[in-house]
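J.: test case, fold it:
(2 chains)
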Amino acid sequence: MINPMDLTGKHVVITGASAGIGRATTVQASKLGARISLIARNEERLKETLDMLDGEGHRCFAFDLNNVDGIESLVKNVVLQGGALDGFVHCAGIGPNRPIKLTKPSFVEEVTRIHFFAFAELLRCVSARNCANDGASFVGVSSVAAVHGNKAQGAYAAAKSAMTAIVHPYSKELAPRGIRVNTISFGMVETSMYKGFLETGGNNNELLREQYLGVIPVEYAGNAICFLLSDAAKYISGGSLNYDAGALS
Amino acid sequence: MTDQEKLALLEETFEMDEGSLKPEMKLDEVEKFDSIAKLSLIVLMDDEFGKIIKSEDIKALVTVQDLLNIMTKA
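T.: Numbers count the residues shown, from 1 in each chain, chains lettered A, B, ... in the order given. All right, here's what the predicted structure looks like:
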């Protein structure tokens, strides 16, 4: 039996590994044989993720990615300890809803910083010659909001859209080294972000009308990202893979 | 913050005319208190008063006065 999504021997760096999609991706990637460097703010939750993993050689790095200027030394440290990387996934992010009236500059800055500024800087650093192996795969977690945002998603939609835009040029620049750069656009995934959506009055019926295959279980989101990291996705680059349970159809 | 100031803040947040919101009004009769307004209220409670409230907390409020009563620092 073959496994086209095998990640054996690959060193993968995952941000947001402490919860949600990041945690699920880390777990699935470990089951597929990857060796993972986990990055997130919360050290305790990182350790919880670590305990869930198959295999060995995984490392935790507690770091607040809002410190964009510190990302360069973070990546150098990750590579120093774990070697050059074959995969990178940016799952770290927040999903706060605010209507236009409350979308003040400081809020726009906050949302854009963690989703886009951090992603852009991480891509710049992981793509350095001695950091990424040829044939590496870089993935940013984006959202259907990037092209089809709902009310109160202004800042979030724009930040995610920026992530999706940046992978087009970067894919072309890194292609000579066989490095692929993509985003994956998820519909609503069953994480604390979904819980937050419901707790702030989100209309579940309306959501399920658009996303008619249902809210996406987090392991499926993790597997979709692992697919993009794997050799099976070798000819996918410079775009966004839709994994939206029907939301954009 | 006085009740007058709180009412003014709510009127601004819900984009209502000055002086149109009264404490004795029932929230479900305030036309502008729609889902976007409720979301704005959740954000407002956090930003101005440091309180995290949820949609179910809002459902428990009946009158504008009930709302004024929770608008205190956490």
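
J.: quick one, helices of chain A?
T.: Secondary structure of chain A by DSSP state H: the helices cover A:20-31, A:43-51, A:71-82, A:105-112, A:118-126, A:145-148, A:154-174, A:192-199, A:204-210, A:218-229.

J.: tell me the most buried of those helices?
T.: Most buried of these, by mean neighbour count (mean count of other C-beta atoms under 10 Å in any protein chain shown): helix A:20-31, with a mean of 26. Placement of C-beta: from N, CA and C, glycine included.

J.: and that one, how far from the chain's centre?
T.: Centroid displacement of helix A:20-31 relative to its chain, using C-alpha atoms, centre = their mean, to the nearest Å, is 11 Å.

J.: contacting residues around stretch A:189-205?
T.: For stretch A:189-205, contacts defined as C-beta atoms under 8 Å, 6 or more residues apart in numbering or on different chains pick out A:19-21, A:94-97, A:188, A:207, A:215-218, A:221, B:35, B:38-39, B:42, B:54-56, B:58.

J.: what's the offset of the longest helix along chain B from the middle of its chain?
T.: Criterion DSSP H: the longest helix present in chain B is helix B:35-49. Offset of helix B:35-49 from its chain centre (C-alpha atoms, centre = their mean): 8 Å.

J.: which residues does the next helix or strand after it contact?
T.: Counting by DSSP states H and E, the element after helix B:35-49 in chain order, helix or strand, is helix B:55-59. Residues from elsewhere that reach helix B:55-59, judged by C-beta under 8 Å, 6+ apart: A:198, A:199, A:200, A:201, B:38, B:41, B:42, B:70.

J.: what do you get if the cut-off is 7 Å, keeping everything else the same?
T.: Helix B:55-59 is touched from outside by A:199, A:200, A:201, B:38, B:41, with contacts defined as C-beta atoms under 7 Å, 6 or more residues apart in numbering or on different chains.

J.: same check, this time on stretch A:142-156
T.: A:95, A:97-100, A:103, A:107-108, A:111-112, A:157, A:160-161, A:163-164, A:183-187, A:240, A:244, A:247-248, B:36, B:39.

J.: ok, 8 Å please
T.: With C-beta under 8 Å, 6+ apart as the test, stretch A:142-156 has contacts from A:95-100, A:103, A:107-108, A:111-112, A:115, A:157, A:160-161, A:163-164, A:183-187, A:240, A:242, A:244, A:247-248, B:36, B:39.

J.: the residue in chain B that chain A sits nearest to: neighbour count?
T.: Across chain B, the shortest distance to chain A (C-beta to the nearest C-beta) belongs to residue B:55, at 3.8 Å. Residues near residue B:55, counting by other C-beta atoms under 10 Å in any protein chain shown, number 17.

J.: now swap in residue A:87 and tell me
T.: Residues contacting residue A:87 under the criterion other C-beta under 10 Å number 28.

J.: and what of residue B:1?
T.: Neighbours of residue B:1 using other C-beta under 10 Å come to 13.

J.: next up, the contacts around it.
T.: Residue B:1 sits next to B:9, B:71 when contact means C-beta under 8 Å, 6+ apart.

J.: near chain B, which residues of chain A are found?
T.: Residues of chain A lying close to chain B (C-beta under 8 Å from any C-beta of the partner chain) are A:97, A:98, A:99, A:101, A:102, A:151, A:152, A:198, A:199, A:200, A:201, A:203.

J.: write the ChimeraX selection for whichever of those residues are buried.
T.: To isolate the buried members of those in ChimeraX, using 16 or more other C-beta atoms under 10 Å in any protein chain shown:
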select /A:97,98,99,102,152,199,200,201
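
J.: from residue B:43, how far off is whatever residue of chain A ends up closest to chain B?
T.: For chain A, the residue closest to chain B is residue A:201, as judged by C-beta to the nearest C-beta, at 3.8 Å. Per C-beta to C-beta, to the nearest Å, residue A:201 is found 11 Å from residue B:43.
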